[in-house]
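1. Structure of the sequence below:
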Amino acid sequence: MHNAMSSSCPPIRSNIRGTAALEFSLLAPVMFLLLIGVIELSMIMFATATMESATVNTARMGKTGYVAPNTTRQQEILNSVEVRTAGLLDPAKIAVTTKVYANLNQIGQPEPCINPPVAPCPGVPGVNFTDINGNGVWDADMGAAGLGNAGDIVVYTVSYPWALMTPVLKNFIGQNGIITLEARSVVKNEPYN
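-> Sure, this is the predicted structure:
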């Protein structure tokens, strides 16, 4: 009976021809997804490095007060960022904001509260808070929008909404599949006319 059984059923060890294909079909999607995720994270890191370089170089140009003929200073800043991101980012989605401060100690600081003495302190400027940036409301950051004048401190912030392509990354990072890439540079405007 032992011989009859062994002749009709081949040994399990010798029937391994399909296991490699089965293992590949189980592991390949995971490996490809991992590879695509690594490529996307690399692209995000490259885009961030490009944005940082563009922000630093744009801030260096902006602190000189340079304005090309037939343009505004704000448009010159936007053009500089777009050119320096080298087509990697969609120019329509790039946001450039600038805040002006009188000195470095004011960066990121709220406007001082008078009554009540703790933030937030909504109410009347001069009564409830000191309106440093002159917009008529209490702000958590006392910087004023703009590019400033000679001798002012200016914080340049460039941001970009990066849409994630990898499904697994969409579940773990970002909001609704989008992360905001950001770069900042702080400069003191030169004494230009």
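2. Quick check: V154 is in a strand.
-> Yes - V154: assigned to a strand according to DSSP: H, G, I helix; E, B strand; the rest coil.
3. Quickly list what it is bridged to.
-> Taking DSSP bridges, one finds V100, V187 as the beta-bridge partners of V154.
4. okay, now it: neighbour count?
-> Neighbour count of V154, defined by other CB atoms under 10 Å: 21. Backbone N, C-alpha and C define where each C-beta goes, glycine included.
5. if I look at it, how far off is S53?
-> Distance, V154 to S53, by CB to CB, to the nearest Å: 18 Å.
6. Just give the closest residue to W138, not the sequence neighbours.
-> F129 (4.6 Å; CB to CB, 6 or more residues apart in numbering).
7. Would you agree R84 is in contact with A59?
-> No - contact criterion CB atoms under 8 Å: R84 and A59 do not qualify, at 11.1 Å.
8. The two: which is more packed in?
-> Ranked by neighbour count (other CB under 10 Å), R84 and A59 place A59 first, with 23 against 18.
9. Need the mean per-residue confidence for whichever strand or helix holds V56.
-> Assigned by DSSP states H and E, V56 belongs to helix 19-62. In this model, helix 19-62 carries a mean pLDDT of 91.
10. Check which helices and strands that helix sits against.
-> Secondary-structure packing of helix 19-62 (3 or more CB pairs under 8 Å, 6 or more residues apart in numbering; DSSP states H and E): helix 73-84, strand 153-163, helix 167-172, strand 178-188.
11. the inter-axis angle of it versus strand 153-163?
-> 150 degrees (axes from the mean of the first three to the mean of the last three CA atoms, to 10 degrees).
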